[in-house]
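[1] quick one: sequence and predicted model below, then my questions.
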2 protein chains.
Amino acid sequence: MIFRQLFDTESSTYTYLVGDEASHEALFIDPVNADVDLYIALLAEYGLVLKYSLDTHVHADHITGSGLLREKTNTLTGIGSHCNALPADLQLQHGDQLTLGSLVVKVISTPGHTSGSISYLINNSVFTGDALLINGCGRTDFQGGDAGTLYDSITQQLFELDEETLVYPAHDYKGRRVSCIGQEKAINPRLAGKTRDEFINIMENLNLPKPDMIDIAVPANRKLGIEALPHG
Amino acid sequence: MIFRQLFDTESSTYTYLVGDEASHEALFIDPVNADVDLYIALLAEYGLVLKYSLDTHVHADHITGSGLLREKTNTLTGIGSHCNALPADLQLQHGDQLTLGSLVVKVISTPGHTSGSISYLINNSVFTGDALLINGCGRTDFQGGDAGTLYDSITQQLFELDEETLVYPAHDYKGRRVSCIGQEKAINPRLAGKTRDEFINIMENLNLPKPDMIDIAVPANRKLGIEALPHG
């Protein structure tokens, strides 16, 4: 399996390239609009053909590259069916499976950061978007976010995966790149040993500022980022 | 690939079980003497036959389970050839390769924590012993340790691996379980942006206490832990 974790310095977003060596099929998870040319160069470098451009949710801090990638490569775009991102080709639901050569991509519904958030499981790696971060989790105070729902998604879906499952989140702000389910269960300060009520209490008292880009990014991302482009 | 990261609470040691599903062959890296019965139960649970019991170095904080595993399973034992652990079947050197079914285990010489320390690379995971820890590294003030040598091992061997290579160390004292080469290059506080002289200066000023078990563990581990047993 070809694997690259890419970092957008503007929004601290991790974008993932996964490729199947035998079939040369590839996918991106959470591509960033501004980095699309880099992604296309990377596909060429590895000799890969883009089959899917997937988002874990409607992002509030950057504009997705999925729409632009579809324009430039004919990829299929996919996002959770509850995201209200109607131009996406694949309206994904819990239990859906995509294939990339012999690789299987399993869709896990993990709402709570947003009402439509999903995670993707590929082999022993789970791409959690903003549902589960390393030593943290996404905020739950906008876009249909709900702390109790996020607690249920993490504890009943993600924490039920094998302990060794690698956790690749959509962001980290301290340079950390990978964790595993066992680590997050044991030491994530918002979750380890915390009840649902304690988690809700933590989330309700974060007092975070409104994201700078939310009023631009959310409507743009519902259209896969295409309207944000000069020629859109 | 079957993979389990096991934790010995007494010494905060990570022991790794790696198994090849097709051939049912398995290995342990850095087994702990006190946990050997658990390892044998785990092999039975997965239907695996132990082929190798490997150590990354002569440990100063716990007694290896390699000798006892050899007594109980007929496994081959392996350790770095500069460790002066003469009872080990395999006196491993940089560049040596072992096979576990279709898996290849590559030996990388990484002295500095001890003069005989080695790391093992299997697929995209490197088992670094005490050479490179998550956000840290092993001390260099005993057993032929040398800070400059460790700096060279980390920067010229481990940091030359692919950025996505997963780092599985022999210890963590804060519950962290996995990192990757890119993360350690970017944010390991002893190494990121540090010159060789700066690293040596950091290591020379750690002022760590002498390990409690060193006078028992080191001579015992040179005999693969067998003399430490009541019936040894």
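    On my side now, so go ahead. What you are looking at is a predicted structure, and each value in this text was computed from that prediction instead of being measured.

[2] tell me which residues touch residue A:150, please.
    By Cβ atoms under 8 Å, 6 or more residues apart in numbering or on different chains, the contact set of residue A:150 is A:110, A:111, A:112, A:113, A:131, A:137, A:138, A:140, A:199, A:203. Backbone N, C-alpha and C define where each C-beta goes, glycine included.

[3] quick one: which of those is nearest to chain B?
    residue A:137 (16.9 Å; Cβ to the nearest Cβ).

[4] shouldn't the closest one be in contact with residue A:130?
    Yes - Residue A:137 is within contact range of residue A:130, at 7.5 Å (criterion: Cβ atoms under 8 Å).

[5] ok so, going back, among the contacts of residue A:150, which are located in strands?
    Among these, the members falling in strands are residue A:137 (criterion: DSSP state E).

[6] among the contacts of residue A:150, name the ones in helices.
    A:199, A:203 (DSSP state H).

[7] picking up where we left off before, shared neighbours, residue A:137 and residue A:130?
    residue A:113.

[8] could you report the neighbour count for the closest residue in space to residue A:8 that isn't next to it in sequence?
    Leaving aside its chain neighbours, residue A:8 sits nearest to residue A:32 (4.3 Å; criterion: Cβ to Cβ, 6 or more residues apart in numbering or on different chains). Neighbour count of residue A:32, defined by other Cβ atoms under 10 Å in any protein chain shown: 26.

[9] got the contact list for residue A:32?
    With Cβ under 8 Å, 6+ apart, residue A:32 has these contacts: A:8, A:10, A:11, A:13, A:15, A:62, A:63, A:64, A:65.

[10] out of the residues you listed, which is nearest to chain B?
    residue A:15 (13.4 Å).

[11] name the nearest residue to the closest one, ignoring sequence neighbours.
    residue A:6 (4.5 Å).

[12] surely that neighbour is in contact with residue A:38?
    Yes - counting by Cβ under 8 Å, residue A:6 does reach residue A:38; the two are 7.5 Å apart.

[13] returning to that earlier point: distance check, the residue nearest to residue A:8 against residue A:58.
    14 Å (Cβ to Cβ, to the nearest Å).

[14] please apply the same query to residue A:72.
    21 Å.

[15] among those two, which residue is more densely surrounded?
    residue A:58 (25 against 14).

[16] give me the buried stretch members for the helix or strand of chain A with the lowest mean pLDDT, please.
    Least confident helix or strand of chain A, by mean pLDDT, DSSP states H and E, is helix A:214-222 with a mean of 93. Residues of helix A:214-222 classed as buried: A:217, A:218, A:220, A:221, A:222 (neighbour count, 16 or more other Cβ atoms under 10 Å in any protein chain shown).

[17] of all those residues, which two lie farthest apart?
    Maximum pairwise distance among the buried residues of helix A:214-222 (Cβ to Cβ): 9.7 Å, between A:217 and A:222.

[18] can you tell me if stretch A:186-200 touches chain B.
    Yes - Stretch A:186-200 reaches chain B (Cβ under 8 Å from any Cβ of the partner chain) through A:186, A:187.

[19] what comes into contact with that stretch?
    Against stretch A:186-200 from outside (Cβ under 8 Å, 6+ apart): A:132, A:135-137, A:147-148, A:150-152, A:154-155, A:159, A:184-185, A:202-203, B:174-176.

[20] PyMOL command for the buried members of the residues you listed?
    Here is the PyMOL command that picks out the buried ones among those, judged by 16+ other Cβ under 10 Å:
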select buried, (chain A and resi 132+135+136+137+147+150+151+152+154+159+184+185+202+203) or (chain B and resi 175+176)
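
[21] remind me which residues of chain A are low pLDDT?
    A:227-232 (pLDDT under 70).

[22] who in it is up against chain B?
    The interface of chain A toward chain B, taken as Cβ under 8 Å from any Cβ, is made up of A:3-5, A:124, A:163-164, A:166, A:174-180, A:182-183, A:186-187.

[23] in strands only, show me those.
    Going by DSSP E, the strands hold A:3, A:4, A:5, A:166, A:179, A:180 from these.

[24] ok, now which ones touch the fifth one?
    Spelled out, it's residue A:179. A:134, A:135, A:166, A:167, A:169, B:176, B:177, B:178.

[25] mind giving me a markdown table with those residues and columns for distance to residue B:44?
    Listed next are the contacts of residue A:179 as a markdown table, based on distance: Cβ to Cβ, whole Å:
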| residue | distance to residue B:44 |
| --- | --- |
| A:134 | 34 |
| A:135 | 36 |
| A:166 | 27 |
| A:167 | 30 |
| A:169 | 36 |
| B:176 | 30 |
| B:177 | 25 |
| B:178 | 26 |
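
[26] narrow the residues you listed to those that are buried.
    A:134, A:135, A:166, A:167, A:169, B:176, B:177, B:178.

[27] wouldn't the third one be in contact with residue A:182 here?
    Yep, that's residue A:166 we're talking about. No - between residue A:166 and residue A:182 there is no contact under Cβ under 8 Å: 10.4 Å.

[28] which residues does stretch A:135-143 contact?
    A:57-58, A:60, A:112-115, A:117, A:129-131, A:145-147, A:149-150, A:154, A:176, A:179, A:184, A:187-191, A:203, A:206, A:208, A:210, A:214, A:218.

[29] neighbours of residue A:3, how many?
    15.

[30] if we look at the sheet, which residues does it bridge to?
    residue A:18 (DSSP bridges).

[31] so who does it touch?
    A:16, A:17, A:18, A:19, A:125, B:124, B:164.

[32] give the contact list for the last one.
    Contacts were defined as Cβ under 8 Å, 6+ apart; by that measure residue B:164 touches A:3, A:4, A:5, B:124, B:180, B:181, B:182.

[33] what's the closest of those to residue A:104?
    Distances from residue A:104 to the contacts of residue B:164, taken by Cβ to Cβ, are shortest for residue A:3, at 15.2 Å.

[34] residue A:110 is in contact with residue A:130, isn't it?
    No - when contacts are counted by Cβ under 8 Å, residue A:110 is not listed as touching residue A:130 (9.4 Å).

[35] the more surrounded of these two?
    residue A:110 (31 against 27).

[36] so residue A:95 is in which element?
    Counting by DSSP states H and E, no helix or strand carries residue A:95.

[37] that one: neighbour count?
    Counted with other Cβ under 10 Å, residue A:95 comes out at 9.

[38] who are the contact partners of it?
    Counting by Cβ under 8 Å, 6+ apart, residue A:95 touches A:106, A:107.

[39] likewise for the one 3 residues further on?
    When contacts are counted by Cβ under 8 Å, 6+ apart, residue A:98 is found next to A:27, A:52, A:78, A:90, A:104, A:105, A:107.

[40] how near is the residue nearest to residue A:8 to residue B:125?
    In terms of Cβ to Cβ, residue A:32 sits 28 Å off from residue B:125.
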